[in-house]
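**Student:** okay, structure incoming, though there's no sequence with it:
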């Protein structure tokens, strides 16, 4: 997913067929508990699924819209939602067929049929908004609807990760009667078939009520949710929580805020910790005159002290990351730990530089953009620069710029080393490898490897048994560790802080990145 602010710093293989379990409909029962007020520092950038490709927007999509499949709480394997069953009909992962449930309706009462599913995907791909999720479907060729309950997706090339992609916010189904096929909706409204309706939306808050026409797997435990936006003002978010203006603070509290509030446990607030697959890397420009040298990159890898960064900068709210695929995602290994170790080694760093023919101190600038990756990013990079300088082998400094300028400069190859964060679109190793190391990668660091792009990524994409991809993903991680186009730094933990009497957050914070409004309840 779009590189975003950090939240703060159970895996099963995909079966070729997915069937609906029993007891999955909420019908007209709706929620009966109290309404819940949640605050976050992120904004919701879009209410139209053809445009939104950011964590705030996907939070809205996951609660207002349905997809053919969805991720159960605590799991990374999708299950049927709008679909009754879905399966690849071939062995090459080229044709994916779904049968819809009976009696599906949008919140306005319109029937939901295969026509709406096809319309939603065709519309997203046609609009192809630069801030939208169409980029996730380069292999989707066409969508067919043999009848009102059947949808067939045909691929240009094998894509076994397709079920996970359509279970994300990118698979949101819209009412074809309510959306323009050629343009984005701009009125701030949304019509979906998910557990909630969007009653109102403005720059400061969004109000959701329970959708009584919803038919799906969610069991709603409240009567509605109000989402307040704090536009990056962490102090205001914290104050609203402590003053009782909100029930939940989610996304945007600093590490020190979380640590401080954790000390107040038992005094009216509780800190809830969940798992996360969000990661952060240092990225090296492979054509830079300094970081383009493997010996320089190796020296940095030998000197970085992840534990010190996490303890001193993030106060334990993240975990060290030793590979490009995070822990908790099938295919993860510890290639960087195995190659460079967990403890800094000046001797090995010096040897790497000497092998490169470098005898003097290496002058280096680390580039940061805290407006995008969180307020601790500058502090983190200054700490890394300090670690490098303490070795006597580097003369490193840090420069920080606004995100728009940051992205332009990266595209022009102006930076030797810079930071990138990643919030996954779906919990599969493919989403941590293909965007970074495939053709047209999002890192902008001039790195290519023919084995990765020509063999490993295509072969893993074609394997519908995701557990069978571990060997190839392991080889891919080993190659990246050896060639060092990126250096993994940390894997986030998710946190939310709640007032006493609010429950269900533990079911909203997992590697799927789906925040489930329906799990929230309040005394």
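**Tutor:** Okay, I see it. Keep in mind the model is a prediction, meaning the values are calculated, not measured.
**Student:** give me the below-cutoff pLDDT ranges for the protein.
**Tutor:** The model of the chain has pLDDT under 70 over residues 1-32, 265-266.
**Student:** which residues touch residue 249?
**Tutor:** Neighbouring residues of residue 249 by Cβ atoms under 8 Å, 6 or more residues apart in numbering: 38, 39, 40, 237, 238, 240, 241, 496, 497, 498. Every residue, glycine included, has its C-beta placed from N, CA and C.
**Student:** want to try TSV for the residues you listed, with secondary structure, distance to residue 323 and neighbour count as columns?
**Tutor:** Putting the contacts of residue 249 into TSV (DSSP: H, G, I helix; E, B strand; the rest coil; distance: Cβ to Cβ, whole Å; neighbours: other Cβ atoms under 10 Å) gives the following:
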residue	secondary structure	distance to residue 323	neighbour count
38	strand	33	25
39	strand	34	26
40	strand	29	26
237	helix	33	26
238	helix	34	22
240	helix	38	18
241	helix	35	23
496	strand	27	25
497	strand	30	27
498	strand	32	23
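**Student:** now do the helices in the stretch 351-500 of the chain.
**Tutor:** Taking DSSP state H, counting those that start in this stretch to define them, one finds helices in the stretch 351-500 of the chain at 370-373, 377-390, 403-411, 434-437, 450-451, 457-461, 470-483.
**Student:** before we move on, what about the stretch 201-350 of the chain?
**Tutor:** Ranges of helices in the stretch 201-350 of the chain, per DSSP H, counting those that start in this stretch, are 234-243, 255-263, 294-303, 306-312, 335-340, 346-355.
**Student:** for those, which one ends up most surrounded?
**Tutor:** helix 294-303 (a mean of 23; mean count of other Cβ atoms under 10 Å).
**Student:** quick one: list the elements packing against it.
**Tutor:** Secondary-structure packing of helix 294-303 (3 or more Cβ pairs under 8 Å, 6 or more residues apart in numbering; DSSP states H and E): helix 335-340, helix 346-355, strand 362-368, helix 377-390, strand 394-400, strand 486-492.
**Student:** go with 6 Å
**Tutor:** Secondary-structure packing of helix 294-303 (3 or more Cβ pairs under 6 Å, 6 or more residues apart in numbering; DSSP states H and E): helix 346-355.
**Student:** check which helices and strands the helix it packs on sits against.
**Tutor:** Packed against helix 346-355 by the contact rule (3+ Cβ pairs under 6 Å, 6+ apart) you find helix 294-303.
**Student:** and the helix it packs on with strand 394-400, angle?
**Tutor:** Angle of helix 294-303 versus strand 394-400, following axes from the mean of the first three to the mean of the last three Cα atoms, to 10 degrees, is 80 degrees.
**Student:** which other residues reach stretch 481-495?
**Tutor:** Here stretch 481-495 makes contact (Cβ atoms under 6 Å, 6 or more residues apart in numbering) with 6-9, 258, 273-274, 276, 278-284, 286, 297, 301, 317-319, 321, 323-324, 326, 335-336, 339, 445, 447, 509.
**Student:** so which of the helices of the stretch 201-350 of the chain is nearest residue 150?
**Tutor:** helix 335-340 (43.3 Å; Cβ to Cβ).
**Student:** re the thing from before, now tabulate the helices of the stretch 351-500 of the chain in TSV and tack on distance to residue 313 and mean neighbour count.
**Tutor:** Listed next are the helices of the stretch 351-500 of the chain as TSV, based on distance: least, Cβ to Cβ, whole Å; neighbours: other Cβ atoms under 10 Å:
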stretch	distance to residue 313	mean neighbour count
helix 370-373	12	20
helix 377-390	5	20
helix 403-411	20	14
helix 434-437	24	21
helix 450-451	35	10
helix 457-461	33	20
helix 470-483	24	20
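**Student:** would you reformat the ones you listed as JSON lines and include distance to residue 84?
**Tutor:** As requested, the helices of the stretch 351-500 of the chain are exported to JSON lines (distance: least, Cβ to Cβ, whole Å):
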{"stretch": "helix 370-373", "distance to residue 84": "41"}
{"stretch": "helix 377-390", "distance to residue 84": "45"}
{"stretch": "helix 403-411", "distance to residue 84": "43"}
{"stretch": "helix 434-437", "distance to residue 84": "30"}
{"stretch": "helix 450-451", "distance to residue 84": "41"}
{"stretch": "helix 457-461", "distance to residue 84": "26"}
{"stretch": "helix 470-483", "distance to residue 84": "31"}
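**Student:** the strands in the stretch 151-300 of the chain, which residues?
**Tutor:** Per DSSP state E, counting those that start in this stretch, the stretch 151-300 of the chain carries strands over the ranges 196-201, 205-210, 224-229, 248-250, 269-274, 279-284.
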